[in-house]
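Undergrad: Got a sequence here, can you build the structure:
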Amino acid sequence: LQISKNMISAIYAQSEAEGILNRHRRIFSAFKNYAILSSTGGAAEPLPPLPQKRAMEYRNWSKNDIRTSLLGYGCMRFPTKADGTIDEERAEALLSTAKAAGVNYFDTAYPYHNGQSEPFVGRVIAKWDRSSFYLATKMPLWSCKNLDDAKRIFEEQLQRLDVDYIDFYLLHSLHKARYEKAKAMGLVDWLWQQKAAGRIRNFGFSCHDNSAGFEYILRDQPWDFCQLQYNYLDRDDRAEEISGDRGYQLTEECGVPLIIMEPVKGGTLASLPADAAAPLHALRPDASDASWALRWVGSHKNVHVILSGMSAEEQLTDNLATFGSFQPLSPAENAAVESVADELHRRIRVGCTGCRYCMPCPMGVDIPDNFSIWNKLGMFGQKDAVRTQWAEHFPDSEKALHCVRCGKCEAVCPQKLPIRDSLAQLQKELDAL
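TA: Okay, here's the model as predicted:
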């Protein structure tokens with residue numbers, strides 16, 4: 001009987017992952033996220049067992065013998081305590097379970113968890129074989145007034161993470177103007193020098209720009225990789241901060257490996273309205289909404305890592321099931337996802353693309369952000385989440401009620417939207433939640 005090394009690794013990963021889950025079962029069962037608790041009337045359920053098949057999906061890179069797990073762990077949304085600090089016991093259990101199941105890409109950043117993500121991640125990975133995982137972090141350009149600031153932050157990151165090198169280092173949240181600033185201060189050249197010195201293994205960037213801005217950045221350097229927001233709803237490249245399908249196509253054209261952020265659109269694609277999700281449930285009644293979103297992204301051949309900020313044990317278990325037996329979408333499944341996307345787009349209250357040509361408003365109204373919240377209500381329902389965002393997190397000074405109907409916004413709107421009437425209507429609807 002011939003047993004391959006891959007089979008042995010898969011069996012070992014399954015055994016180790018199940019052992020960690022068993023050791024932490026009491027911890028896990030004590031904490032459930034709000035969605036699970038509310039859906040069960042507040043009663044926590046036992047953590048579901050891991051699926052029988054545990055062969056993590058990997059993607060091979062064309063250079064340097066890199067082989068990343070398709071599922072990457074985003075370290076921005078760890079479980080937290082009442083005081084807002086990271087719940088380190090739970091978070092470490094999540095990270096260790098993910099790694100034992102085959103996840104080998106861990107993504108953090110300087111500002112995550114108010115600066116506490118990097119030090120915490122550093123303490124956890126210090127217990128692991130350094131060659132057994134890939135570590136990613138990012139340079140916060142908005143905190144850099146000059147090159148000396150950037151150098152100080154880079155050294156601080158190495159100290160926080162307690163490592164000699166970063167596997168994947170990114171310029172964080174680029175748009176064209178921010179990238180030009182980084183170049184002008186000499187930061188881009190300096191980071192290439194750090195790569196040459198072995199302190200960075202792969203140099204890239206994350207981007208929040210439209211396709212034109214993204215293309216400018218992408219073609220300007222011999223990047224090792226890049227990171228984009230991409231999911232089955234964020235495909236229109238007219239939006240100000242989304243490069244969409246065109247952005248993905250550009251990575252293929254330029255041969256730059258792609259890492260995906262926001263594959264579930266901040267969690268909204270993990271909890272779809274039942275009627276909108278009916279085509280998905282008809283094909284796979286037991287599959288989670290999140291699994292469809294992740295499989296849609298993973299079905300693109302140039303996607304090498306899909307980041308998920310798993311803050312709850314149910315999310316990790318579900319994602320391990322999706323990537324432990326990963327299947328690209330079939331034509332029928334892809335058609336079902338397209339129909340769901342069409343239905344969600346049909347529910348949009350106002351066709352704002354976020355281009356921000358209407359800004360600044362002379363009265364301080366953030367028109368695109370008002371529309372974004374209103375559209376979230378229309379597309380996904382989720383009244384409790386929208387009410388909280390509107391009442392507790394959206395500045396009153398930027399709300400639609402301050403509109404004086406001057407009409408400057410409508411005069412420059414490329415979509416010719418009825419902005420003034422829409423602002424009045426959304427204020428009524430959101431205040432009534």
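Undergrad: How about R130, nearest residue that isn't a chain neighbour?
TA: Spatial nearest neighbour of R130, excluding adjacent residues (CB to CB, 6 or more residues apart in numbering): V163 at 7.2 Å. Every residue, glycine included, has its C-beta placed from N, CA and C.
Undergrad: contacting residues for that neighbour?
TA: Residues in contact with V163, defined by CB atoms under 8 Å, 6 or more residues apart in numbering, are G122, I125, R130, L135.
Undergrad: My guess is the second one contacts T137. True?
TA: No - taking contact to mean CB atoms under 8 Å, the distance of 11.4 Å between I125 and T137 leaves them out of contact.
Undergrad: Looking at those two, which one has more neighbours?
TA: T137 (28 against 20; other CB atoms under 10 Å).
Undergrad: The residue nearest to R130 and W128: what is the separation?
TA: Distance, V163 to W128, using CB to CB, to the nearest Å: 11 Å.
Undergrad: I260 should be in a strand, yeah?
TA: Yes - I260 sits within a strand when classified using DSSP: H, G, I helix; E, B strand; the rest coil.
Undergrad: burial measure for it, as a count.
TA: Taking other CB under 10 Å as the criterion, the count of residues near I260 is 23.
Undergrad: Please report the distance of it from R219.
TA: Going from I260 to R219 by CB to CB gives 20 Å.
Undergrad: show me where the stretch 151-300 of the chain has helices.
TA: If DSSP state H, counting those that start in this stretch is used as the criterion, the helices of the stretch 151-300 of the chain fall at 176-184, 187-196, 211-220, 244-254, 278-283, 289-298.
Undergrad: chain center to the first one: distance?
TA: For helix 176-184, the separation from the chain centroid amounts to 23 Å (computed by CA atoms, centre = their mean, to the nearest Å).
Undergrad: Next, the angle helix 187-196 makes with it.
TA: 60 degrees (axes from the mean of the first three to the mean of the last three CA atoms, to 10 degrees).
Undergrad: What lies in contact with helix 176-184?
TA: 141-142, 144, 171, 174, 188-189, 205, 209, 213, 216-217, 220.
Undergrad: change it to 7 Å
TA: Here helix 176-184 makes contact (CB atoms under 7 Å, 6 or more residues apart in numbering) with L141, L171, V188, D209, G213, Y216, I217.
Undergrad: go on, the fourth one?
TA: Applying CB under 7 Å, 6+ apart, the set of residues contacting helix 244-254 from outside is 211, 214-215, 218-219, 226, 228, 230, 234-237, 258, 300, 302.
Undergrad: and what of the last one?
TA: The set of residues that contact helix 289-298 without belonging to it, under CB under 7 Å, 6+ apart, is 70, 230-232, 260, 263-264, 269-272, 277, 280, 303, 306, 318-319, 322, 326-329, 337.
Undergrad: Buried subset of those, written for ChimeraX?
TA: The command below creates a ChimeraX selection of those among the contacts of helix 289-298 that count as buried (16 or more other CB atoms under 10 Å):
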select :70,230,231,232,260,263,264,269,270,271,272,277,280,303,306,318,319,322,326,329,337
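Undergrad: Could you list which of the contacts of helix 289-298 belong to strands?
TA: Of the contacts of helix 289-298, the ones assigned to strands by DSSP state E are I260, V303, I306.
Undergrad: possible to save these as JSON lines with pLDDT?
TA: Below are the ones in strands among the contacts of helix 289-298 laid out as JSON lines (pLDDT from 0 to 100):
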{"residue": "I260", "pLDDT": "98"}
{"residue": "V303", "pLDDT": "98"}
{"residue": "I306", "pLDDT": "98"}
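Undergrad: Closest one of those to G407?
TA: Checking the ones in strands among the contacts of helix 289-298 against G407 with CB to CB, the nearest one is I260 at 39.7 Å.
Undergrad: beta partners for the closest residue to that closest one other than its chain neighbours?
TA: Distances taken as CB to CB, 6+ apart put I306 closest to I260, at 4.7 Å, once the chain neighbours are dropped. Judged by DSSP bridges, the bridge partners of I306 are L71, I260.
Undergrad: I306 and G72 touch, don't they?
TA: Yes - judged on CB atoms under 7 Å, I306 makes contact with G72 at a distance of 6.4 Å.
Undergrad: related to what we said a few turns ago, go through the helices of the stretch 151-300 of the chain and pick out the most buried.
TA: The highest mean neighbour count among the helices of the stretch 151-300 of the chain, using mean count of other CB atoms under 10 Å, belongs to helix 289-298: a mean of 23.
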